[in-house]
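Q: sharing a model that was predicted from the sequence below.
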Number of protein chains: 2
Amino acid sequence: MKPISLHAIWLGETKCRHCAVRASALFAGLEEMDFSHIHQPIKDVILSPQQALYRMHDRGNTLFTLRGGVMKLMQYLPDGSQRIVRLLKDSDALGLEALVGQPYQHDAIALTDCEICAIPTGVIEQLGRERPRLYQELMARWQQALAEADTWLTQFTTGTARQRVARLLLRLSCAEQDSPLPLFGREDMGAMVGLTTETVSRTIAELRRQGVLRDRGSIVEGCDREVLRRIADGEE
Amino acid sequence: MKPISLHAIWLGETKCRHCAVRASALFAGLEEMDFSHIHQPIKDVILSPQQALYRMHDRGNTLFTLRGGVMKLMQYLPDGSQRIVRLLKDSDALGLEALVGQPYQHDAIALTDCEICAIPTGVIEQLGRERPRLYQELMARWQQALAEADTWLTQFTTGTARQRVARLLLRLSCAEQDSPLPLFGREDMGAMVGLTTETVSRTIAELRRQGVLRDRGSIVEGCDREVLRRIADGEE
DNA sequence: CGCCCAGTTGAGGACACTCAATAGCGGTGG
DNA sequence: CCACCGCTATTGAGTGTCCTCAACTGGGCG
């Protein structure tokens, strides 16, 4: 309920040629670049669960790439209730607002351990001058975020609790494939699909009882995608 | 319920220097451009209410600027229910997906009479080469759409029916200021805030009875912003 | 061992949905 | 000009789902 605000651990400057996700479309260009020209260094950030990368309304001149882990973007309502607006995973970009001079629009908070690349906007601008194609890739990132936001809205704000939770599980299990997907806290799941923690808990418990979902503690071991899909589509 | 699919009226080629919204940030550059170099012409589109500009999954090489009117972007769920994902008004851009080679992600449908600029992606690419600053403006558009999507989600999918409708009215009355805001059909309003037509109807009727809203037929004459704001924030 | 937090379960009630009937408006044709 | 039709909005009654409040459970950790 109460967001914990700890400080991120900032590691030293990183050479992007050694970065694990340098193959990711956005920064393929960084590899070819002469880093001696860059004054503002690209840095590494490590976050543990619950830590914030940035806060809503902060002004920053940094955008980020998620190298590993899962983060949530949150917004709030006047009454204090919170809503998770999007999830970010491997190689997603966040904080793009900074590129157009706007303050960050969300609280960006780690759900798992996260490793993040922090890129000053100046680097992008400089790089953009040398490689205009970078803009294509930035626009693609933006479009991806937008598409994500739209499906998030249609998927997780309509239908019964059962449907929404099923859709969420499907999405999570697809995203993480068969890696040890952590079943996030009930409160977080509630904030994703617009339900209370109790309702989420009840729904998941029922899925478990029906054998659609098997989990060991907080890790999902397996789920029946086919049944989930039928539930998600309202067929049962 | 059943979307009517009529064909848009395409007017002839347009000189952007005469365009009413040429001052809008995105295409300020077009004014200075030598149009004789452009092979693909920029065209005008006129839509009446209910007409579609494009359909979900269509592939197109055109993006659009709304010169006047209001449009809705829609997405659908497997069970056939529909959700309005965003509203667009004066000088908003739509169909940006085309710029990154993706099919359109929504049905784009006119709510009022609309006048639209249709711009082939080729023009943007050509212009981008000559004026890299155009990319800044494109990114700003994208960011705007994204921010809109996020607030749409937090505002219109949480809280009671009363709160949601109040927020919608606030947003609409702000957007259109004091121009004759049409109170859209109940079904559309329901698809915006995730409620049934009956619930929207009941809620609006009650607001009317309480004097918060005055309307003549389908046009809003006035509304008590202060009270609406209190309702929106759950204070009554 | 016992605390603390997260998840689970229960009971009761509020709210929105469903189904259904009525009212109002605009157009069309006799 | 009026009667009729079709559509949308409105209203009503009854039901179901989800929320609220509250108690209980169970694992992790000092």
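A: Good, I have the coordinates.
Q: contacts and neighbour counts: CA atoms only from here.
A: OK.
Q: what about A:His57, which SS state?
A: Following DSSP: H, G, I helix; E, B strand; the rest coil, we place A:His57 in the coil state.
Q: okay, now it: neighbour count?
A: By other Cα atoms under 10 Å in any protein chain shown, the residues close to A:His57 number 12.
Q: the one 3 residues further on too?
A: As a burial measure, the neighbour count of A:Gly60 was computed by other Cα under 10 Å and equals 18.
Q: go on, A:Arg229?
A: 17.
Q: now that A:Pro182 has come up, it's in contact with A:Gly222, right?
A: No: A:Pro182 is beyond contact range of A:Gly222, at 11.5 Å (criterion: Cα atoms under 8 Å).
Q: how about the residue most central in space within chain A, what does it touch?
A: Centroid check for chain A by Cα atoms, centre = their mean gives A:Leu88 as the closest residue, at 1.4 Å. Shown in contact with A:Leu88 (Cα atoms under 8 Å, 6 or more residues apart in numbering or on different chains): A:66, A:70-73, A:94.
Q: farthest pair within these?
A: Distance extremes for these: the farthest pair is A:Leu66 and A:Leu73 at 12.7 Å, using Cα to Cα.
Q: I'd like to know how far the closest residue to DNA strand D within chain A sits from DNA strand C.
A: Closest to DNA strand D within chain A is A:Thr160: 3.0 Å, counting by Cα to the nearest atom of the strand. Taking Cα to the nearest atom of the strand, to the nearest Å as the measure, A:Thr160 falls 9 Å from DNA strand C.
Q: same question for A:Asp107.
A: To DNA strand C, A:Asp107 is 18 Å away according to Cα to the nearest atom of the strand.
Q: residues from chain A in reach of DNA strand D?
A: A:159-162, A:194-196, A:198-199 (Cα under 7 Å from any atom of the strand).
Q: any quick ChimeraX command for the buried ones out of the residues you listed?
A: Those of these that count as buried under 16 or more other Cα atoms under 10 Å in any protein chain shown are selected in ChimeraX with:
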select /A:159,161,162,194,195
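Q: please convert the residues of chain A next to DNA strand D to a markdown table, extending it with pLDDT, secondary structure and distance to A:Arg216.
A: Formatted as a markdown table, the residues of chain A next to DNA strand D follow (pLDDT from 0 to 100; DSSP: H, G, I helix; E, B strand; the rest coil; distance: Cα to Cα, whole Å):
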| residue | pLDDT | secondary structure | distance to A:Arg216 |
| --- | --- | --- | --- |
| A:Gly159 | 96 | coil | 28 |
| A:Thr160 | 97 | coil | 26 |
| A:Ala161 | 97 | helix | 23 |
| A:Arg162 | 97 | helix | 21 |
| A:Gly194 | 97 | coil | 25 |
| A:Leu195 | 98 | coil | 24 |
| A:Thr196 | 97 | coil | 23 |
| A:Glu198 | 98 | helix | 20 |
| A:Thr199 | 98 | helix | 21 |
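Q: DNA strand C: which of the residues of chain A next to DNA strand D is nearest?
A: Distance to DNA strand C, by Cα to the nearest atom of the strand, is smallest for A:Glu198 among those, at 4.5 Å.
Q: contact partners for the closest one?
A: By Cα under 8 Å, 6+ apart, the residues touching A:Glu198 are A:Arg186.
Q: where along chain A do the helices fall?
A: A:28-32, A:121-130, A:133-156, A:161-175, A:186-193, A:197-209, A:225-232 (DSSP state H).
Q: for B:Val123, find the nearest of the ones you listed.
A: Smallest distance to B:Val123 across the helices of chain A (Cα to Cα): 14.7 Å, for helix A:133-156.
Q: how about the residues of chain A by DNA strand C?
A: Residues of chain A that fall close to DNA strand C, judged by Cα under 7 Å from any atom of the strand: A:184-187, A:197-199, A:201-202, A:204-206.
Q: ok, and the most crowded of those?
A: Sorting the residues of chain A next to DNA strand C by how many neighbours each has (other Cα under 10 Å) puts A:Ile204 first, at 20 neighbours.
Q: distance check, the nearest residue in space to that residue that is not next to it in sequence against A:Ala191.
A: Nearest non-adjacent residue to A:Ile204, counting by Cα to Cα, 6 or more residues apart in numbering or on different chains: A:Val165, 7.6 Å away. To A:Ala191, A:Val165 is 11 Å away according to Cα to Cα, to the nearest Å.
Q: of the contacts of A:Leu88, which is the most crowded?
A: Counting neighbours by other Cα under 10 Å, A:Met71 leads the contacts of A:Leu88 with 27 neighbours.
Q: from chain B, how far off is it?
A: Using Cα to the nearest Cα, to the nearest Å, A:Met71 is found at 16 Å from chain B.
Q: beta-bridge partners for that residue, please?
A: Beta-bridge partners for A:Met71, by DSSP bridges, are A:Leu88, A:Ala110.
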